[in-house]
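S.K.: Just to be clear, the model below is a prediction. Sequence and coordinates:
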Amino acid sequence: MGEVKVYLVEGEMLLGHDSRPEWRKFRVYVRALKPRDALERVYSELGSRHKLKRRHIRVASVREVPLEEVDDMRVLKLASLNRIER
């Protein structure tokens, strides 16, 4: 199994696509093994959180970032764990 990395996914999402459509920019940090996995995670999270279809999400870039650049505390805490206890 590979090493889990942190990726920054940037793009636009269509909010209010029924009444007044508006494209809004987004930046999401996710942990994944590969860029494709990170992209899939973003589609899932944004679709769930904002009730968006994949066609309402435009991804501009997916890139690996060092931990020093991450400002999402949830991702930083997960990255600092050695193991998950139950």
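M.R.: Structure's in. What do you need? Residues are numbered from 1 along each chain as shown.
S.K.: Which elements pack onto the longest helix along the chain?
M.R.: When the chain is parsed with DSSP state H, its longest helix is helix 35-50. Counting contacts by 3 or more Cβ pairs under 8 Å, 6 or more residues apart in numbering; DSSP states H and E, helix 35-50 packs against strand 5-15, strand 22-32, strand 57-64. Yep, even glycine has a C-beta here, placed from its N, CA and C like the rest.
S.K.: That one to strand 22-32, inter-axis angle?
M.R.: 130 degrees (axes from the mean of the first three to the mean of the last three Cα atoms, to 10 degrees).
S.K.: pLDDT of helix 35-50, averaged?
M.R.: Mean per-residue pLDDT for helix 35-50: 95.
S.K.: any low-confidence regions in the protein?
M.R.: 1, 17, 82-86 (pLDDT under 70).
S.K.: if we can go back for a sec, most tightly surrounded among the helices and strands packed on helix 35-50?
M.R.: Burial of these is given as mean neighbour count (mean count of other Cβ atoms under 10 Å); strand 5-15 ranks first at a mean of 18.
S.K.: Can you tell me the strand partners of it and which way each runs?
M.R.: Sheet pairing for strand 5-15, assigned by DSSP bridges, gives strand 22-32 (antiparallel), strand 57-64 (antiparallel).
S.K.: about what we covered before: save the helices and strands packed on helix 35-50 as JSON lines, and put in distance to residue 80 too.
M.R.: Compiled in JSON lines, the helices and strands packed on helix 35-50 are given as follows (distance: least, Cβ to Cβ, whole Å):
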{"stretch": "strand 5-15", "distance to residue 80": "11"}
{"stretch": "strand 22-32", "distance to residue 80": "11"}
{"stretch": "strand 57-64", "distance to residue 80": "18"}
